[in-house]
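Q: turn this into a structure:
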Amino acid sequence: MKDAEIVTETEKILNDIVAGGDCTVYDVEYVKAGPNRCLRVYIDKEGGVGLDDCETVSRALEKILDERDFIENAYVLEVSSPGVNRQLKKDADFIRYCGREVDVKLYAPVDGKKEYRGVLKRLTDGQLIIVLPDGSEKTFARGSAAAVRLAAI
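A: Model prediction:
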């Protein structure tokens, strides 16, 4: 199974696990971490994720992954919160955090800079719009951003 298929299948399983509960699936990554592979699962919930939430989801996911056995390579399973300065990846993330301060890191400079901080105004038609501290707006193609994260508080 390809890495993207592992992520997709894991997300389906996770959505079933968290359905009806307090937690939601924020993101899933299947990546190489040193000599090993790592299946990273990020869960979220209103008010924040606790250790018990991570443990509950981890145990339920581990059981199903062992039963279905669709990941060929050995891997480490990690379940955690996306953290307070979480990366915004999905359209739903951009909608949820409109009005919040974000840090935008670009692949290539725009107006001589690769990093911007501002208030997320919206994501429309693949265009990310932030309001800079001076009140002006800056628009970036979503694909030009290497990362968009909530600004550290």
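Q: okay, the closest residue to T24 other than its chain neighbours and G21: tell me how far apart.
A: Counting by C-beta to C-beta, 6 or more residues apart in numbering, D44 is the residue found nearest to T24 once chain neighbours are left out, at 5.3 Å. The C-beta positions use only the backbone N, C-alpha and C, and glycine is treated the same way. Using C-beta to C-beta, to the nearest Å, D44 is found at 12 Å from G21.
Q: those two: who's more crowded?
A: For D44 versus G21, neighbours defined as other C-beta atoms under 10 Å are more numerous around D44 (20 against 12).
Q: that one contacts V79, doesn't it?
A: No - the pair D44 / V79 is not scored as a contact, 11.6 Å apart, by C-beta atoms under 8 Å.
Q: give me the contact list for stretch 79-92.
A: Defining contact as C-beta atoms under 8 Å, 6 or more residues apart in numbering, one finds that stretch 79-92 is touched by 26-27, 40-44, 48-49, 54-55, 57-58, 61, 93-94, 97, 102-103, 120, 123, 147-153.
Q: what's the longest strand along the chain packed up against?
A: When the chain is parsed with DSSP state E, its longest strand is strand 113-124. The elements that strand 113-124 packs onto, with contact taken as 3 or more C-beta pairs under 8 Å, 6 or more residues apart in numbering; DSSP states H and E, are helix 91-96, strand 101-110, strand 127-131, strand 137-141.
Q: which parts of the third one are buried?
A: Within strand 127-131, the residues scored as buried using 16 or more other C-beta atoms under 10 Å are 128-130.
Q: next one: it to chain centre, how far?
A: With C-alpha atoms, centre = their mean, to the nearest Å as the basis, strand 127-131 stands 19 Å off its chain's centre.
Q: which outside residues touch it?
A: If you take C-beta under 8 Å, 6+ apart as the criterion, strand 127-131 is touched by 94, 102, 104, 116, 118-123, 137-142, 145, 148.
Q: quick check: neighbours of it in the sheet, parallel or antiparallel?
A: Looking at strand 127-131 with DSSP bridges, its partner strands are strand 113-124 (antiparallel), strand 137-141 (antiparallel).
Q: repeat that for the longest one.
A: On the basis of DSSP bridges, the sheet neighbours of strand 101-110 come out as strand 113-124 (antiparallel), strand 145-150 (antiparallel).
Q: C-alpha coordinates for that strand, CSV please?
A: Included here for strand 101-110 are C-alpha records, laid out as CSV according to Å, rounded to 0.1, in the frame of the first residue of the first chain:
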residue,chain,number,x,y,z
GLU,A,101,-3.2,35.5,14.1
VAL,A,102,-1.1,33.3,11.8
ASP,A,103,2.5,32.9,10.7
VAL,A,104,2.9,32.3,7.0
LYS,A,105,6.1,30.8,5.6
LEU,A,106,6.5,30.9,1.9
TYR,A,107,8.5,28.8,-0.5
ALA,A,108,9.8,31.9,-2.3
PRO,A,109,10.0,35.5,-1.3
VAL,A,110,7.1,37.9,-1.9
